[in-house]
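Here's a sequence, model it:
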Amino acid sequence: MLVLVLGVGTAAAVPTPIVETGFLTPSGNIACNAGTYHGKKLLSCTVFSKAVPDRGERVWSMFVRGRVQTGFVMGNAATDYPKLAYGRTWTWHGFSCKSDWRGLTCRNRSRHGYFLSRGSQRVF
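Numbering: from 1, shown residues only. Sure, this is the predicted structure:
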């Protein structure tokens, strides 16, 4: 089991999971970690090129139901996972993410989610 590691004394601005599974996009610029957070399933994705040195990695997180939360985490996303090839879809406990040459689109059961790419990020 891999975990998202937070810096000592650092509080996450958004919920981050105890990582059970995940994937990387083909470019390696986006890592998605899925697991539990206080007993609820959670998906968190990081766009490495959007990291800010004094704030940490930019993270988009969502539970199986509800809206997306965004913020920064001082830590490292787990990256020891396979790449999700373009045109493929990853599903896990009510989450669905599709990899495309334009970027990554992830949704939850409430149909909320996000589109992430190196050039743009959008929450819906």
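
Leaving aside the residues adjacent along the chain, what's closest to Pro82?
Phe23 (6.0 Å; C-beta to C-beta, 6 or more residues apart in numbering). Bear in mind the C-beta positions are built from the backbone N, C-alpha and C, glycine included.

Centre of the chain to the host helix or strand of the one you found, how far?
If you go by DSSP states H and E, Phe23 is part of strand 18-24. How far strand 18-24 lies from its chain's middle: 9 Å, per C-alpha atoms, centre = their mean, to the nearest Å.

Could you check it and say which residues are buried?
Judged by neighbour count (16 or more other C-beta atoms under 10 Å), strand 18-24 contains these buried residues: 19-24.

picking that back up, in the sheet, who's paired with the residue nearest to Pro82?
Phe23 forms beta bridges with Cys32, as assigned by DSSP bridges.

That one: what's it in contact with?
Applying C-beta atoms under 8 Å, 6 or more residues apart in numbering, we find Phe23 in contact with 31-32, 81-84, 90, 97.

So which of those is surrounded by the most neighbours?
Within the contacts of Phe23, neighbour counts (other C-beta atoms under 10 Å) peak at Cys32, which reaches 27 neighbours.
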